[in-house]
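Colleague: Sharing a model that was predicted from the sequence below.
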Amino acid sequence: MDALEVIFTRRSIRKYTPEPVAAEDVKAILEAAMNAPSANNRQPWRFIVVDDRALLNAIMEVHPYSKMLAEAPLAVVVCGDTTVSDKYWQQDCAAATENLLLAARALGLGTVWLGVYPNESRVPGVMELFKLPAHIKPLCIIAVGHPAEQKGRVERYDGDKVHTNGW
């Protein structure tokens, strides 16, 4: 699948088969994430790979929109190290997250982005669950697995949202 097809067909997948995600696929999606651009090349991203069923179930207790983790065999918690970048860690980690999502799609995996930061009703629970030090902030959690649902391409281009040389 070429890059544009990956981008145009990436969709939020919330139903997964029980098949585990291969270790080489986990490494590949993390490698893609770590190849994202970052401000001043600071690379503040940190990742927690979660494949422990008890922890996946515990995430559902601290994140109200994470029920798909009951089926997903894996999650990746994307965090930012604020001692490395206190101004741009959110943008840098968002770029890394998008790379991870696209790499997963290219490998035939399904994902869904579960926002954590800056929602103050979610950040403390995730920080406590994963015993994060104060300078490590969770941006999001990505459910990952082999899709048990197929979603087609959606046309989202809207020329009315495009301006040239000014508003």
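Modeller: Here it is on my side, so go on.
Colleague: Give the residue spans of this structure that score low on pLDDT.
Modeller: Counting by pLDDT under 70, the chain contains no low-confidence range.
Colleague: which residues in it form helices?
Modeller: With helices called from DSSP state H, the chain shows them at 3-9, 23-33, 53-62, 89-106, 123-129.
Colleague: export the ones you listed to JSON lines and tack on distance to Asp160 and mean neighbour count?
Modeller: Quick note: C-beta positions are derived from backbone N, CA and C, even for glycine. Output for the helices of the chain, formatted as JSON lines (distance: least, C-beta to C-beta, whole Å; neighbours: other C-beta atoms under 10 Å):
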{"stretch": "helix 3-9", "distance to Asp160": "20", "mean neighbour count": "13"}
{"stretch": "helix 23-33", "distance to Asp160": "32", "mean neighbour count": "17"}
{"stretch": "helix 53-62", "distance to Asp160": "38", "mean neighbour count": "15"}
{"stretch": "helix 89-106", "distance to Asp160": "24", "mean neighbour count": "22"}
{"stretch": "helix 123-129", "distance to Asp160": "35", "mean neighbour count": "16"}
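Colleague: TSV for those helices, including distance to Val144?
Modeller: Below are the helices of the chain laid out as TSV (distance: least, C-beta to C-beta, whole Å):
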stretch	distance to Val144
helix 3-9	15
helix 23-33	7
helix 53-62	11
helix 89-106	6
helix 123-129	17
